[in-house]
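Undergrad: I'll drop the sequence and a predicted model, then ask my questions.
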Amino acid sequence: MEFRKDKFEDFYEVGEEIGSGQFAVVKKCKHLKTNDEFAAKIIKKKRAMASRLGVKMEDIKKEIVILQEMDHENVIRIYEVFENKTHVILVLELVSGGELFDFIAEKERLSEEEASAFVKQILLGIKHMHSKRIAHLDLKPENVMLLNKNSQNIKLIDFGLSRVIKQGEFHRDMIGTPEFVAPEVINYDPLSLATDMWSIGIITYILLSGCSPFSGKDQQQTYEKICQLTYDFTSKYFENTSDLAKEFIGMLLKRDPLSRASVEECLNHAWIQPS
Ligand SMILES: Cc1ccc2c(c1)c1c3c(c(C)cc1n2CCCN)C(=O)NC3=O
């Protein structure tokens with residue numbers, strides 16, 4: 001797989017930084033010829049084998065291959081890739097609505113109709129990924145972006161941890177964000193497409209209540225709560241939540257990955273907006 005070796009700045013005007021991670025920053029950029037705006041994810045290449053800084057080219061290529069396979073309105077698109085001595089630059093579709101995380105924070109909680117509409121869009125994006133045997137493995141409100149302010153349209157981003165899960169094959173990997181990882185991640189048991197379904201259960205719980213079912217005072221306590229599956233709907237925020245919504249969450253927050261609802265079963269569940 002070859003990437004453009006031209007100088008990125010000769011074709012794009014680099015704008016403000018809009019995000020940053022361990023070895024990558026995301027900046028707005030403008031295509032000089034067309035004036036179209038994009039998001040540039042600038043990933044630092046790992047220089048030497050011994051170095052801990054940067055991302056291995058094979059992992060960068062895995063993310064790019066997964067992005068190039070995506071073709072769905074609820075999944076962010078990749079347009080082109082530049083590479084220089086020190087970095088790889090992914091030119092990605094820009095969304096301007098910000099993170100679902102911030103949207104929830106501002107609104108405190110959402111109505112069940114709003115929550116169900118968001119969850120449906122996440123399910124449609126995940127259905128597309130799972131249809132290609134790709135698990136996201138880092139689903140959380142920070143990785144669900146709104147197309148624009150106050151729109152119900154969302155796009156899934158950040159496939160740095162995504163994996164192709166071949167039929168019957170399992171991956172073991174300690175990845176993801178503590179609050180959103182499924183028990184099998186903590187127990188180093190096989191990961192699968194069902195690992196994403198657990199995270200969708202967590203996201204739904206947060207959309208409806210504003211609180212996170214397993215978050216503890218530290219990572220250790222969070223992991224314990226996840227493995228003991230100690231969650232409930234007693235929080236005052238669930239007083240007016242329908243049994244249908246609780247049933248939907250209940251069919252996802254199951255310890256055994258094989259007993260969790262699939263993305264199709266979720267889309268057919270009565271709580272998901274018919275439309
Ligand atoms: C308006 C805005 C603000 C922050 C953004 C983005 C867009 C954004 C984007 C992307 C990524 C990987 C991260 C992004 N971030 C960083 C935060 C993501 N959790 C992306 O692929 N397209 C974006 O618009």
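TA: Done, it's in.

Undergrad: can you map out the strands along this protein?
TA: In the chain, the segments counted as strands under DSSP state E are 12-20, 24-31, 37-44, 78-83, 87-93, 134-135, 144-146, 154-156, 163-164.

Undergrad: Could you export the fifth one as PDB, CA atoms only?
TA: I take that to be strand 87-93. Output of strand 87-93 as PDB, limited to C-alpha atoms (Å, rounded to 0.1, in the frame of the first residue of the first chain):
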ATOM      1  CA  HIS A  87       4.200  11.100  10.000                       C
ATOM      2  CA  VAL A  88       1.200   9.600   8.200                       C
ATOM      3  CA  ILE A  89      -1.700  12.000   7.500                       C
ATOM      4  CA  LEU A  90      -5.200  10.600   7.000                       C
ATOM      5  CA  VAL A  91      -7.500  13.000   5.200                       C
ATOM      6  CA  LEU A  92     -10.900  12.300   6.700                       C
ATOM      7  CA  GLU A  93     -14.500  13.500   6.400                       C
END
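
Undergrad: Parallel or antiparallel, list what pairs with it.
TA: Here strand 87-93 is paired, per DSSP bridges, with strand 37-44 (antiparallel), strand 78-83 (antiparallel).

Undergrad: got the buried residues for the last one?
TA: Counting neighbours by 16 or more other CB atoms under 10 Å, one finds that the buried residues in strand 78-83 are 78, 81, 82, 83. All C-beta atoms are positioned from the backbone trio N, CA, C, and that covers glycine.

Undergrad: Show me what the residue of the chain found nearest the ligand bridges to in the sheet.
TA: Relative to the ligand, the nearest point of the chain is residue 19 (2.2 Å; CB to the nearest ligand atom). Counting by DSSP bridges, residue 19 forms beta bridges with residue 26.
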